[in-house]
Every structure is written in structure tokens, then in C-alpha cells.
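Engineer: sequence? don't have it. structure:
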Ligand SMILES: NC(=O)c1ccc[n+]([C@@H]2O[C@H](COP(=O)([O-])OP(=O)(O)OC[C@H]3O[C@@H](n4cnc5c(N)ncnc54)[C@H](O)[C@@H]3O)[C@@H](O)[C@H]2O)c1
Ligand SMILES: CC(C)[C@H](C(=O)O)[C@@H](O)C(=O)O
Ligand SMILES: [Mg+2]
């Protein structure tokens, strides 16, 4: 992409989705000002909100907006109305799965790192987590989420089929190997190959691909052990490759290392489309309270800027987030004593982008807004 004008589809979704996406928009406006690029935003309905308004969790119009855009910025979907009703046939999550499938977003990349000033926010010990830096590559459009499913009419049994083909595995495996080449040359495949045929297919496929990446050491770990190792000794991992459901579960687990799931971004990448979303959900208990951490959405926006080849802006955005965190400009999940609202944290980050390099502005001493008790 060589221009400086981009069409962005914005899907705020449900719960805290709209609040955190709105902070990402604030930050993008700052990026426009400083980096002389333009974003044209088109909004789409998605999830529970879309079901309530149209009966469909992913209306055709939303899908069209996404397909016509350079990138999609997504908040979160999900609502207790559906979470608490196993009988509901139409569900918000179906919209997200359909969108991922329709856009061919086969690779979900979930980076995880620790911040020096947040080390003590994790329930895990400093010496265990300090310096952790992991990239999780989660397959996103196959496996048990997309296999045949059935509930018998009497409600006595149900099944969800987990199916993988080599075609589903090869593209994301290459992506993960390439990333490993750029980093510590170590790739860990998380699977359950002692039990599952699909996991054995993953192993065989990855072993064949490994020949093309002689510098990368490929190793394997069963998912049950991986769940334990991630909190016992996370620094043993660098790039992780795994199937859809294992990736979903272990990435939420891994977020504990960083101090809050509200910090973890993701990029969902396909051949022609890309979507950027926090790894967390709609956190319905927090909706409208101004307590949600916007950083996961803002860092997802940084990943979007990288994808759009606005690298300088992406780097600046990440520095702005680091600056906010180092200066304890954080939401309540990261500091229960002194904390700021979702919008205050977003404004602080946006202002850093706008003013930090202007000589007349002593940003180090600035305090924006007031500590908010939420
Ligand atoms: N990608 C998505 O849209 C997505 C992802 C996960 C869950 N969901 C949906 O979200 C709904 C709620 O699911 P859940 O409660 O299992 O997961 P969740 O991620 O919404 O919340 C789990 C917990 O994580 C913390 N949390 C999440 N986001 C946070 C943020 N930005 N700042 C601070 N803390 C945050 C909160 O403590 C919360 O109780 C469900 O309907 C689920 O299907 C959607
Ligand atoms: C909401 C749900 C479908 C989704 C998933 O399981 O992929 C979520 O948990 C995520 O991590 O993005
Ligand atoms: Mg999840």
C-alpha cells in the first residue's frame, strides 16, 4: 500500500466494544494530524446489537463494508441475553465467525509482552514473567469452530466436529516459521498429538514445512502441559503456533502474564483482508462505566497501522502506550488505587502522539484530567 488514504471499516459491536473502539478512533485522528494520512471510516452493525436491530449478527451491509475496506477495526461482540440462553439459535458469536470465514482471516496473531512498571500487577512472580515476549499464531477459520455441529431434537446429545486439512495448516505454519526466523528462531507447536488425529496432522505438516526453515528449531508441547508451562516458565516460549480452540484458550491464560487481558491486541490476517481486534470480549459488566482498558484496542490499531505500512505511526502509537503505562496513566484493572477512565487513558495516548515531539510542550510533566474513582 503506497498511498496515504485508507478506507477503514469500524465495527464497535457490543458491551465495552464501542467504548474501546472510540478511543482507537481518537488515536487515529491524532495519527492523521501528525502523519499526514487520511482514514475514511465506515461503520457497521455487528453482534448482539445487529441481532436486536436486524435479526442478523452480521448483516450483508456490514460484510460489504468490510470487503470494500483496506482494514477492519473491530471491538467485541457478545451479550448476556445470549450467553445465558443455550436455546438461542441466532447468536452474536456467529457473526464474528462468519466474518472471519468470509474474509479468509486464517491467521490470528496475538503478541504478548510485559511492561516493567506492570510486573507487579500480575499474580505471577516477577522472576517468572519479567522479559516475557511471545507471539501466538492461532489458526482462525477451521477446526472445531467450523466443523459440522448437531444437537439431536430430544436434546440428549450433541457434537461439534474438529476437522483440519493440510491446506488449513500450511499458510499459517509458513507465517509462524517466517516470524520465528526473524526472532529467536524457535517455534513451538502446541497440540494434543497423543490423542487427536487433527493434532497429528498438524505435526506431520509442520515437520515437512520445517525443512524449508533450517534455522528454526521446531518443538512440540501438548496443550495440557503448555497451559501449565505458560504460567510456570513463560520465557521458554517465543513464537507459538496452534489450532483454533487451543489458541483461544491459551491466549486468555497468557494475558495474566502481562497483568490484564485489557492489554492484549490481535491481528487477523488473510490473503486479501485484515481485521484488528482486542483478544478480550465484550465484558458486559463494565459496559458504559468507563472502566474498560482501551489499550488492547489501541494496540490492535497499531497492528493495523503496521499492516497499512504506516510503520512510523505504528511505532509512535506503541511508544505512546508505553509512556502512558510507565507514567501510571492506566485504568482500574491495572491500578485499583489511582486510575483513570477509558476515555482519559485514550486522550493521554492521543495527546502524546500529537504533542510529545513539539519542543514547547513538556510532556513529561503533564497530567491530563483527574484521577477518576470508578
Ligand atoms: N472477540 C470477541 O468479540 C469476544 C472475545 C471473547 C469473548 N466474547 C464475548 O464476550 C462476552 C463476555 O465474555 P467473557 O466474560 O468470557 O470474556 P471477556 O473477555 O469479555 O471478560 C472476561 C474478564 O476479562 C476482563 N476484561 C475483559 N476486557 C477487559 C478490558 N478491556 N479492560 C479490563 N478488563 C477486561 C474482565 O475482568 C472480565 O470480567 C461473551 O458474550 C463472549 O462470547 C467476545
Ligand atoms: C467470541 C468468540 C467467538 C471468540 C473466539 O473464540 O474466537 C473470542 O473468544 C476470541 O478470542 O476472539
Ligand atoms: Mg477468546
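Structural biologist: Okay, I see it. Bear in mind the structure is a predicted one, so any value in this text is a computation, not a measurement. Ligands and ions are numbered 1, 2, ... in the order given.
Engineer: drop to CA atoms for contacts and neighbour counts, all remaining ones
Structural biologist: Fine.
Engineer: need the residues of the protein near ligand 1, please.
Structural biologist: If contacts are counted using C-alpha under 6 Å from any ligand atom, the residues of the chain sitting beside ligand 1 are 76-79, 83, 261-262, 279-283, 292-294, 333.
Engineer: give me the pLDDT for the residue nearest the centre of the chain.
Structural biologist: To find the centre residue of the chain, average its C-alpha atoms and take the closest one (C-alpha atoms, centre = their mean): that gives residue 266, at 2.5 Å. Residue 266 carries a pLDDT value of 98.
Engineer: what's the answer for the one 10 residues further on, then?
Structural biologist: As predicted, residue 276 sits at a pLDDT of 98.
Engineer: identify the bridge partners of it.
Structural biologist: Partner residues in beta bridges with residue 276, using DSSP bridges, are residue 73, residue 267.
Engineer: how does this protein divide into domains?
Structural biologist: According to automatic domain parsing, the chain comprises the domains 1-105+264-374, 123-258.
Engineer: one step back: from residue 195, how far out is the residue nearest to the centre of the chain?
Structural biologist: Summarising the geometry, the distance separating residue 266 from residue 195, computed by C-alpha to C-alpha, to the nearest Å, is 29 Å.
Engineer: same question, residue 31
Structural biologist: The separation that residue 31 has from residue 195, given C-alpha to C-alpha, amounts to 49 Å.
Engineer: comparing the two, which residue is more hemmed in?
Structural biologist: Neighbours per residue (other C-alpha atoms under 10 Å) separate residue 31 from residue 195, with residue 31 holding more: 24 against 10.
Engineer: residues contacting the closest residue to that one other than its chain neighbours?
Structural biologist: The spatial neighbour of residue 31 that comes closest, neighbours along the chain excluded (C-alpha to C-alpha, 6 or more residues apart in numbering), is residue 313 at 6.5 Å. Counting by C-alpha atoms under 8 Å, 6 or more residues apart in numbering, residue 313 touches 31, 35, 302, 305.
Engineer: beyond the helix or strand encompassing residue 303, next helix or strand please.
Structural biologist: Secondary structure assigned from DSSP states H and E places residue 303 in helix 295-307. Elements were assigned by DSSP H and E; along the chain past helix 295-307, the next helix or strand is helix 311-326.
Engineer: averaged pLDDT, that next one. What do you get?
Structural biologist: pLDDT averaged over helix 311-326 gives 97.
Engineer: touching ligand 2 at all, stretch 75-84?
Structural biologist: No - using C-alpha under 6 Å from any ligand atom as the criterion, no contacts between stretch 75-84 and ligand 2 are found, and the smallest distance is 6.6 Å.
Engineer: and that stretch, how far out from the chain middle?
Structural biologist: Taking C-alpha atoms, centre = their mean, to the nearest Å, one finds the center of stretch 75-84 at 18 Å from the center of the full chain.
Engineer: from residue 184, how far off is residue 81?
Structural biologist: Per C-alpha to C-alpha, residue 81 is found 45 Å from residue 184.
Engineer: comparing these two, which residue is more hemmed in?
Structural biologist: For residue 81 against residue 184, the residue with the higher neighbour count under other C-alpha under 10 Å is residue 184, and the figures read 14 against 11.
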